[in-house]
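K.L.:
I would like to see how this sequence folds:
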Amino acid sequence: MSSDSPRRSRRWRGRYLKENDFSGYAEARIREAKALAGKPEAVAALLDAGRVFREQIGAPDKAQICFEEALREDPRNADALRSLSALLASQGAWEEAKTVLQAPAGDLRKRPRRAPRC
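P.N.:
Numbering: from 1, shown residues only. Model prediction:
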């Protein structure tokens, strides 16, 4: 699938959901976010993918990557801040979760990545 076609991505993600292929759905949302880079829709797609990885697939590492990417797109996005800090807290990383919530927006863009990009 072409990474530059959000319309095609929407078609595929519908198929993935119909088949309960949550991993395929999340990956389609990531591709969609890449195609929409710089737009608010990219953040929404990354947050959606992160939630699916966290809640449906049980892959907190992939969820974290998506939430961090959403914050790189929009460092002041409250949903992304809450999602990342809640995920970190659920893993016992209390201080890191607290840091995410207290960091000035510009500092979040400079956070070191713990894993490759989404």
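K.L.:
Against Gln64, how distant is Ala70?
P.N.:
Going from Ala70 to Gln64 by Cβ to Cβ, to the nearest Å gives 11 Å. Every C-beta, even on glycine, is put in place using the N, C-alpha and C of the backbone.
K.L.:
Now do the shared contacts for those two.
P.N.:
Both Ala70 and Gln64 are contacted by Gly50, under the criterion Cβ atoms under 8 Å, 6 or more residues apart in numbering.
K.L.:
Neighbour count: those two, which is higher?
P.N.:
The neighbour comparison of Ala70 against Gln64 (other Cβ atoms under 10 Å) goes to Ala70, with 27 against 23.
K.L.:
ok, that one - contacts?
P.N.:
Residues near Ala70 by Cβ under 8 Å, 6+ apart: Ala42, Val43, Leu46, Leu47, Gly50, Asn77, Asp79, Ala80, Ser83.
K.L.:
now these: which count as buried?
P.N.:
Buried by 16 or more other Cβ atoms under 10 Å: Ala42, Val43, Leu46, Leu47, Gly50, Asn77, Ala80, Ser83, out of the contacts of Ala70.
K.L.:
Now the residue positioned nearest the centre of the chain: which helix or strand?
P.N.:
Geometric centre of the chain, nearest residue: Cys66, 2.5 Å, by Cα atoms, centre = their mean. In the assignment (DSSP states H and E), Cys66 maps to helix 60-73.
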